[in-house]
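Colleague: One predicted model, sequence on top.
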Amino acid sequence: MEKTKEFILKKQDEKRRLEEASQECTICKKEIILEIDKNKPRLQWNMESGSTLCKNCYDSKEADYDKKLNFCAICNKKMGFIRYNPKPKWEIEGQLCRECWDKNNQSRK
């Protein structure tokens, strides 16, 4: 019981220290003063846990993620219901519309 209690207290203390120390944006290193300017990154962005973003960086990251999710990576056409993931050997980040996927598939054979 004592070891478990020590472990939990140690984790809570470590978490508290991380929250106090992370008073700057992870991306731009700007100091975050107001509590409402602190934003936690989304899970889908694959950032380190405990990261904090300022309002500007959060908004730009959100816009980039939204664009990558809702628009074709090649022609920037709005995606419909059906989306195509590029093959890993194509080295394209994002999703493709049907026309772009077909073009890439034919040209790379």
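Modeller: Perfect, I can see it now.
Colleague: Let me see the residues that make contact with the longest helix seen in the chain.
Modeller: Longest helix in the chain by number of residues, with DSSP state H as the criterion: helix 2-21. For helix 2-21, the surrounding residues in contact (C-beta atoms under 8 Å, 6 or more residues apart in numbering) are G50. Every C-beta, even on glycine, is put in place using the N, C-alpha and C of the backbone.
Colleague: Centre of the chain to it, how far?
Modeller: 26 Å (C-alpha atoms, centre = their mean, to the nearest Å).
Colleague: Using PDB, write out every CA atom in that helix.
Modeller: Coordinates of each C-alpha in helix 2-21 appear next as PDB, following Å, rounded to 0.1, in the frame of the first residue of the first chain:
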ATOM      1  CA  GLU A   2       2.800   2.400   0.900                       C
ATOM      2  CA  LYS A   3       4.600   1.900  -2.400                       C
ATOM      3  CA  THR A   4       1.400   2.500  -4.300                       C
ATOM      4  CA  LYS A   5       0.700   5.600  -2.400                       C
ATOM      5  CA  GLU A   6       4.300   6.900  -3.000                       C
ATOM      6  CA  PHE A   7       4.000   6.100  -6.700                       C
ATOM      7  CA  ILE A   8       0.700   8.000  -7.100                       C
ATOM      8  CA  LEU A   9       1.900  11.000  -5.100                       C
ATOM      9  CA  LYS A  10       5.100  11.100  -7.200                       C
ATOM     10  CA  LYS A  11       3.100  11.000 -10.400                       C
ATOM     11  CA  GLN A  12       0.800  13.800  -9.200                       C
ATOM     12  CA  ASP A  13       3.800  15.900  -8.200                       C
ATOM     13  CA  GLU A  14       5.500  15.300 -11.600                       C
ATOM     14  CA  LYS A  15       2.300  16.300 -13.400                       C
ATOM     15  CA  ARG A  16       1.900  19.500 -11.300                       C
ATOM     16  CA  ARG A  17       5.500  20.500 -12.000                       C
ATOM     17  CA  LEU A  18       5.000  19.900 -15.800                       C
ATOM     18  CA  GLU A  19       1.800  22.100 -15.800                       C
ATOM     19  CA  GLU A  20       3.700  24.900 -13.900                       C
ATOM     20  CA  ALA A  21       6.700  24.700 -16.200                       C
END
